[in-house]
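> Build the 3D model from these lines:
(one chain, ligands or ions: 3)
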Amino acid sequence: MKARLVHEKPEIVEADALALVLFEATSDDPNPGSLYDARTQGLIGEFYDSEEFTGKALRTALIHRPSGFRARRLLLIGGGKREEFTLARLRQVAGVAVRELKAKGVKRLALVPAGRLEAGAQVQAMAEGAVLAAYEPDAYKTEEKARAVLEEVCILAELTHEARLERGRIIAEAQNFTRRLVNEPGNRLPPTTLGVEAADMASAAGLEIDLLRRDRLDELQMGALLGVAQGSAEPPVLIVVRYQPERPNDSGAHLGLVGKAVTFDTGGISIKPAQDMDKMKYDMAGGAAMLGAMQALAALKPSIAVTAVIPAVENMPGRQAQRPGDVVRTMSGKTVEVLNTDAEGRLILADALTYARQQGCTHLVDAATLTGAISVALGHERVGLFSNEDSWRDRVLAAAEASGEKMWPMPLDDEYKDQLKSLIADLPNIGSRAGGAITAAMFLKQFADPTPWVHLDIAGTAWIDDAKPYLPKGPSGVGVRTFVALAMGM
Ligand code: BES
Ligand code: ZN
Ligand code: ZN
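Ligands and ions are numbered 1, 2, ... in the order given. A predicted model of the protein is given here:
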């Protein structure tokens, strides 16, 4: 699907379909479509009068051969209340247009910006929404698809916003790259293959990459990462992707993006129940988000150094597997008693965080499908955000807000540390069941301190269980947009 800008009036643009955002009627403005009434003989007003279309958020009405328009179809999309309209809503509106019209065989679609938001920002949001909505998770279906493909999305705006269109496209395509990786089943994407995908991305994007294999991880004494990997026939790999700015700004900042990549999580000897275990193919969503972010950053060129550190392993039971009660020595020197082999994410992240700090990262963000408990706390809408430093936390929250990814700050008081007591080692890898997402974060904090760090628990948000009108069911690619916005603003 191509996306381009067209500087034309909606009435005269040639397209298979034209999508317009229309707000809810108010007493001041009973017909928000009145702008078009003169040319269309009150076509839109009639929809409001009959209440067939009310402007409610993301509700639609489709009109064939609309009088007064050159486009063959007119799709009215509700923008909700005018004063509550945001770029996040506009991103969704563009997505609704793409998903609804693509399903109807539309090849060429025109989108019209709406309301009082800044024009360039609207162009970027619409490009993102359109490209994200076009993603389909059916990669392994062999039957030829009968429906026509959506070939082109035209955004009606001044051509001066070309760079914003390009930026939106780059970011959304990077997010779709992440989704493609997350969607891959465990047999198709073991750690080695994830490493190959990362290397292909890096060479296409012009980034430096190191793939650290078992021997090197041994030398680095990454006992926690190796302990998780030892039960699998698939060898582990630590993926390190580096971006270096041509002319760094004088902040001296070096962002470390650390992402959990368990390519399949059976739980190991503390094995998971069969129900929904297939979902554990997405236990590498944190790592995949970091690869997507790096792909976008290579094109957008922030003025700080960014290093992605992605520990990739498979968590399997087997005769070599780590046992509950085993003690491992982490790269940091701290020892951990592995009370539950299913709490493996924090083990591989412990060594990855230590490595990122050793590489000189001044600011850390990790993303991980770390705990089922985060879904108990926040459901599937918001990412849980934990931090050891308030101003860094606020910068990440602001980047998330600006890019339309919903996150929520979670507590990390020192008292939660009391749950992490082992009889024989420095730390156990689990606390009590209560507050499971917080004790997991508290465990990670022991390896991030004192570097400013944010931990994002994306277990509840990396996979969409119920399709939305603007997104299909499947991998969400959450995190990518926030990490890009964050690095670009540093
Ligand atoms: N990968 C899981 C967490 C998860 C659960 C991700 C559901 C996505 C959806 C993680 O490795 C895990 O198994 N966590 C355990 C921790 C427990 C043993 C302390 C959990 O959440 O049950
Ligand atoms: Zn697990
Ligand atoms: Zn896991």
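
> For A127, what is the enclosing helix or strand?
Following DSSP states H and E, one finds A127 within helix 119-133.

> shaky segments in this structure?
For the chain, the stretches with pLDDT under 70 are 145-148.

> Name the residues of it found near ligand 3, please.
For the chain, the residues in contact with ligand 3 (CB under 5 Å from the ion) are V262, D265, D283, G345. (Each C-beta comes from the backbone N, C-alpha and C, glycine too.)

> Which members of the residues you listed occur in helices, if any?
Among the residues of the chain next to ligand 3, DSSP state H puts G345 in helices.

> Show me which of the residues of the chain next to ligand 3 is closest to ligand 2.
D265 (4.4 Å; CB to the ion).

> ok, now which ones touch that closest one?
Applying CB atoms under 8 Å, 6 or more residues apart in numbering to D265 gives the contacts K272, M280, D283, N315, D342, E344, G345.

> Give me the distance between it and ligand 1.
Distance from D265 to ligand 1, counting by CB to the nearest ligand atom, to the nearest Å: 5 Å.

> same deal with A305?
30 Å.

> three-state assignment of the residue of the stretch 101-250 of the chain found nearest ligand 2?
Residue nearest to ligand 2 within the stretch 101-250 of the chain: V228 (9.2 Å; CB to the ion). Taken by DSSP: H, G, I helix; E, B strand; the rest coil, the conformation at V228 corresponds to helix.

> Number the chain from 10, please
All right, first residue 10 from here; so that's V237.

> so it touches A321, yeah?
No - assessed by CB atoms under 8 Å, V237 is found out of contact with A321, at 10.6 Å.

> Pull up the overlap in contacts between these two.
Joint contacts of V237 and A321 (CB under 8 Å, 6+ apart) are P245, V271.

> Nearest spatial neighbour of R222, chain-adjacent residues omitted?
Spatial nearest neighbour of R222, excluding adjacent residues (CB to CB, 6 or more residues apart in numbering): V246 at 5.9 Å.

> The one you found: what's it in contact with?
Counting by CB under 8 Å, 6+ apart, V246 touches P200, T201, L203, G204, L220, L221, R222, A321.

> The longest strand belonging to the chain pairs with which strands?
For the chain, the strand that runs over the most residues, judged by DSSP state E, is strand 314-324. Each strand paired with strand 314-324, and its direction, by DSSP bridges: strand 246-252 (antiparallel), strand 263-268 (parallel), strand 270-274 (parallel).

> Next, format these as CSV and append distance to A80.
Listed next are these as CSV, based on distance: least, CB to CB, whole Å:
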stretch, distance to A80
strand 246-252, 42
strand 263-268, 42
strand 270-274, 45
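
> Nearest to R366, out of these?
strand 263-268 (7.5 Å; CB to CB).

> Just give me how far the closest one sits from the chain centre.
Distance, stretch centre to chain centre, for strand 263-268: 15 Å (CA atoms, centre = their mean, to the nearest Å).

> Could you see whether ligand 1 lies near it?
No - using CB under 6 Å from any ligand atom, strand 263-268 stays clear of ligand 1, with a minimum separation of 13.1 Å.

> So what touches that strand?
Counting by CB under 8 Å, 6+ apart, 295-300, 302-303, 313-319, 358, 361-362, 365-366, 368-377, 492, 495-496, 499 sit against strand 263-268.

> Same check on stretch 417-429?
Residues outside stretch 417-429 that contact it (CB under 8 Å, 6+ apart): 386-387, 391-397, 402, 406, 436-437, 440-441, 444, 446-448, 450-452, 454-455, 466.

> Now intersect the residues you listed with the helices, please.
Members of the contacts of stretch 417-429 lying in helices (criterion: DSSP H): A386, L387, R402, L406, A446, I447, T448, A450, M451, F452, K454, Q455.

> neighbour-wise, which of the residues you listed leads?
A450 (31 neighbours; other CB atoms under 10 Å).

> pretty sure that one is touching R402, no?
No - judged on CB under 8 Å, A450 makes no contact with R402 at a distance of 12.0 Å.

> near ligand 1, which residues of the chain show up?
Checking the chain against ligand 1 by CB under 6 Å from any ligand atom, the hits are 274, 292, 349, 351-354, 378-382, 439, 445, 468.

> Mind giving me the ChimeraX command for buried ones among these?
Buried subset of these, written as a ChimeraX selection, criterion 16 or more other CB atoms under 10 Å:
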select :274,292,351,352,353,354,378,379,380,382,439,445,468
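
> Out of the residues of the chain next to ligand 1, which sit inside strands?
Residues of those located in strands (DSSP E): D274.

> circling back to that earlier point, give the contact list for the residue of the stretch 110-259 of the chain closest to ligand 2.
Contact analysis of V237 by CB under 8 Å, 6+ apart lists P245, V271, G277, V322, N324, Q331, T350, E353, L356, I357.

> would you list the residues you listed in JSON lines and tack on distance to ligand 2?
Output for those, formatted as JSON lines (distance: CB to the ion, whole Å):
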{"residue": "P245", "distance to ligand 2": "15"}
{"residue": "V271", "distance to ligand 2": "7"}
{"residue": "G277", "distance to ligand 2": "8"}
{"residue": "V322", "distance to ligand 2": "11"}
{"residue": "N324", "distance to ligand 2": "6"}
{"residue": "Q331", "distance to ligand 2": "12"}
{"residue": "T350", "distance to ligand 2": "8"}
{"residue": "E353", "distance to ligand 2": "5"}
{"residue": "L356", "distance to ligand 2": "10"}
{"residue": "I357", "distance to ligand 2": "10"}
